[in-house]
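In: Predicted model, plus sequence, below.
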Amino acid sequence: MTSNTEYSLFEDVCQAVDNAASHVDIHPGLLDQIKFCNSIYKFSFPLKHEDGSYEVLEGYRVQHSHHKLPAKGGIRYSSYVNEEEVKGLAALMTYKCALVNIPYGGAKGGVSIDPSKYDVSQLEKITRRYTSELISKKFIGPAIDVPAPDYGTSAREMAWIADTYQAFNPEAINAKGCVTGKPLSQHGIRGRTEATGLGVYYGIREAVSIKEDMDVLGLDTSLKGKTVIIQGLGNVGYHSAKYLSEAGAKIIAVAEWNGGIINADGLDIEDLKAYQNHNKGFKGYDKGEFVKESKSLLTQACDILIPAALENQITEENAKDIKAKIIAEAANGPVTQGAEKILLENNVLIIPDMYLNAGGVTVSYFEWLKNLSRVSFGKLEKRYDRRKYENLLDSIEKATGKSFTQEQRDLIARGADEQDLVYSGLEETMVNAYHHMNSVRKDKGIQSLRTAGFIVALERIAISYMDLGIFP
Ligand code: GLU
């Protein structure tokens, strides 16, 4: 996977916003206010190695928009992290939250390191130091800016962030809401780990369910038997593949940075993931053919191509060779604006990142609400609901003289627990946002779902500035 310095994700996002703005009646000053990054914090800090040597690391936190607070977005650990990337990712968070109607401004952070080159104690040092830099500049807090996992980070790093923040703010009762994606034992929420991949699944399922749109692509409306190629089998790629496989789709290839694997009869994702965890790659996996140049897998024939790794993967160079009918952007920014033009001419449906990977921030929002209220979802009403439905079933039995089986009783009377409510909220969010975005696309007579997504987001953000009387 490549990312080069001339390419600017931020410029790419701005170009997409400009395309959308040409369909919206918006004051040019307001458009600039929306597009520019509100605050950029770039800093460096030293890391002492065991042998006494020092390394100076670069960290970033960009708050793209304060139109709603707190600002929200992940923290990325990758050697590709640079200011333009973090700005672009922060901007995408603003539009993503607005599109799926989650009340946050957009932000993103990162440290320019390859995390695989550091041991756990060094990563802990880096994370705690990064957090204290944010604290000292008031760039983190449950009401200010709330980070989350992203490429190269996970619940483990979020636990260190929460712990560091709490140590500096011992009396802040909402301190745990300073970061989301935490482990369950550290006030995380059930369903957060799989949230982005589950959201990707809901989003693709919704897109594929619309007959009128599938007719244009020559596809039917079922996920059963659809062939899928995935780039990246990290948290997002793995969960997307898992839910799609369970729905009957056939994962025929997976591309990773250190080689890919292909099997036209379909891959068993659980088996492949277990092999990857154990062997740090797919080399030697005997239930498929190993492909060293994994990027070539993006241009293999399939129904759905899911880039779930980094930005700038489908560019003007390889766009014309793409054979997939649908590109589902699980990663942020995997298709450049130049590539999108070519793909649209070739009648490819692109389900845009700002919509498709919004499941992560959606469930982050639920986690933040849980932290602020300090009670988990379902805790109060689960047993009450069960009793209410049991009473109803008893009355039906009495009136009909027939009995329900225990299995039927359990199914009907079961009260919702935290995971049920998180999944339900996520599904509702993804389903509604898709239909809203798609209806705007049709109403405006445009081809690009991305442009439609940006139109919805721009209109929502513009209204919040206009209601403050800042712009006419
Ligand atoms: N890093 C994820 C994203 O890009 C999640 C952000 C969040 O939960 O705040 O959307």
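Out: Now that the structure is in, tell me what you want to look at. Predicted, not measured: the structure shown is a model, and the values here were computed from it.
In: Next, the contact list for Gly415, please.
Out: Shown in contact with Gly415 (C-beta atoms under 8 Å, 6 or more residues apart in numbering): Gly378, Glu381, Lys382, Arg383, Tyr384, Asp385, Arg386, Tyr389. Using the backbone N, CA and C atoms, a C-beta is placed for each residue, glycine as well.
In: Excluding sequence neighbours, find me the nearest residue to Phe282.
Out: Leaving aside its chain neighbours, Phe282 sits nearest to Ile261 (4.3 Å; criterion: C-beta to C-beta, 6 or more residues apart in numbering).
In: actually Arg414, not the one I wrote
Out: Arg386 (6.5 Å).
In: if we can go back for a sec, please identify which of the contacts of Gly415 is nearest to the ligand.
Out: Proximity of the contacts of Gly415 to the ligand (C-beta to the nearest ligand atom) peaks at Gly378, which lies at 21.2 Å.
In: Now do the same contact list for the residue in the chain positioned nearest to the ligand.
Out: Using C-beta to the nearest ligand atom, the single residue of the chain nearest to the ligand is Gly74, 2.7 Å away. Gly74 sits next to Leu89, Lys108, Gly109, Pro147, Ala148, Pro149, Asp150, Tyr151, Thr153, Gly181, Gly360 when contact means C-beta under 8 Å, 6+ apart.
In: May I have the phi/psi pair for it?
Out: The phi and psi values for Gly74, taken as degrees, to the nearest 10, are phi -80, psi 180.
In: What mean pLDDT does stretch 318-337 get?
Out: For stretch 318-337, the mean pLDDT works out to 97.
In: err, stretch 94-101, not the other one
Out: 98.
In: Buried residues, it. List them.
Out: For stretch 94-101, burial by neighbour count (16 or more other C-beta atoms under 10 Å) applies to Thr94, Tyr95, Lys96, Cys97, Ala98, Leu99, Val100.
In: got it, and stretch 247-257?
Out: Quick answer for stretch 247-257 (16+ other C-beta under 10 Å): Ala249, Lys250, Ile251, Ile252, Ala253, Val254, Ala255, Glu256.
In: so Arg192 makes contact with Tyr365?
Out: No: in this structure, Arg192 is not within contact of Tyr365 by C-beta atoms under 8 Å, at 10.5 Å.
In: burial of Gly259, as a residue count?
Out: Using other C-beta atoms under 10 Å, the number of residues around Gly259 comes to 17.
In: Is Met354 in contact with Leu99, as I believe?
Out: Yes: under the criterion of C-beta under 8 Å, Met354 makes contact with Leu99 at 5.7 Å.
In: any common contacting residues for those two?
Out: Gly453, Ala457.
In: Report the contact partners of Ile26.
Out: By C-beta under 8 Å, 6+ apart, Ile26 lies in contact with Leu458, Ala462.
In: So it: helix, strand or coil?
Out: Using DSSP: H, G, I helix; E, B strand; the rest coil as the criterion, the local structure at Ile26 reads coil.
In: mind checking how far it is from Tyr104?
Out: Look at Ile26 and Tyr104: by C-beta to C-beta, to the nearest Å, they are 21 Å apart.
In: Then Lys42?
Out: With distances taken as C-beta to C-beta, Lys42 is found 22 Å from Tyr104.
In: do Gly338 as well
Out: Distance, Gly338 to Tyr104, using C-beta to C-beta: 30 Å.
In: Equivalent analysis for Asn169, please.
Out: From Asn169 to Tyr104 the distance is 20 Å (C-beta to C-beta).
In: More neighbours: which of those two?
Out: More crowded of Asn169 and Tyr104, by other C-beta under 10 Å: Tyr104, with 24 against 16.
In: Phi and psi next, for that one.
Out: Backbone dihedrals for Tyr104, given as degrees, to the nearest 10, come out at phi -130, psi 150.
In: And for the residue nearest to it when sequence neighbours are not counted, the neighbour number?
Out: With sequence-adjacent residues excluded and distances taken as C-beta to C-beta, 6+ apart, Tyr104 is closest to Lys72, at 3.8 Å. Here the number of neighbours of Lys72 (other C-beta under 10 Å) works out to 28.
In: Would you mind listing where this structure has pLDDT under the threshold?
Out: For the chain, applying pLDDT under 70 flags the ranges 1-5.
In: all strands of it, in order?
Out: 39-48, 54-63, 71-72, 75-77, 105-111, 145-146, 227-231, 250-256, 259-262, 289-291, 304-307, 326-328, 349-351 (DSSP state E).
In: what's the closest of those strands to Ala159?
Out: Evaluated over those, closeness to Ala159 peaks at strand 75-77, with 12.9 Å, by C-beta to C-beta.
In: Check whether Lys382 really touches Ala416, as I assumed.
Out: Yes: counting by C-beta under 8 Å, Lys382 does reach Ala416; the two are 6.5 Å apart.
In: Kindly report the residues of the stretch 151-300 of the chain close to the ligand.
Out: Thr180 (C-beta under 6 Å from any ligand atom).
In: all helices of the stretch 151-300 of the chain, in order?
Out: 155-168, 195-208, 211-217, 235-246, 269-279 (DSSP state H, counting those that start in this stretch).
In: Check the ones you listed for me and report the most buried one.
Out: Greatest average neighbour count among those goes to helix 195-208 (a mean of 26), per mean count of other C-beta atoms under 10 Å.
In: Show me what that helix is packed against.
Out: Packing contacts for helix 195-208, counted by 3 or more C-beta pairs under 8 Å, 6 or more residues apart in numbering; DSSP states H and E, involve helix 235-246, strand 304-307, strand 326-328, strand 349-351, helix 353-356, helix 359-373, helix 418-444.
In: could those go into JSON lines alongside distance to Tyr201?
Out: Converted to JSON lines, the helices and strands packed on helix 195-208 look like this (distance: least, C-beta to C-beta, whole Å):
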{"stretch": "helix 235-246", "distance to Tyr201": "4"}
{"stretch": "strand 304-307", "distance to Tyr201": "10"}
{"stretch": "strand 326-328", "distance to Tyr201": "10"}
{"stretch": "strand 349-351", "distance to Tyr201": "12"}
{"stretch": "helix 353-356", "distance to Tyr201": "10"}
{"stretch": "helix 359-373", "distance to Tyr201": "9"}
{"stretch": "helix 418-444", "distance to Tyr201": "9"}
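In: Tell me which of these sits nearest to Ala20.
Out: Of those, nearest to Ala20 by C-beta to C-beta is helix 418-444, at 9.6 Å.
In: and the closest one, does that touch the ligand?
Out: No: contact of helix 418-444 with the ligand is not found when judged by C-beta under 6 Å from any ligand atom; the minimum separation is 12.1 Å.
In: same thing with stretch 103-116?
Out: No: using C-beta under 6 Å from any ligand atom, stretch 103-116 never reaches the ligand; the gap is at least 7.4 Å.
In: Now the terminal residues of that stretch, how far apart.
Out: 34 Å (C-alpha to C-alpha, to the nearest Å).
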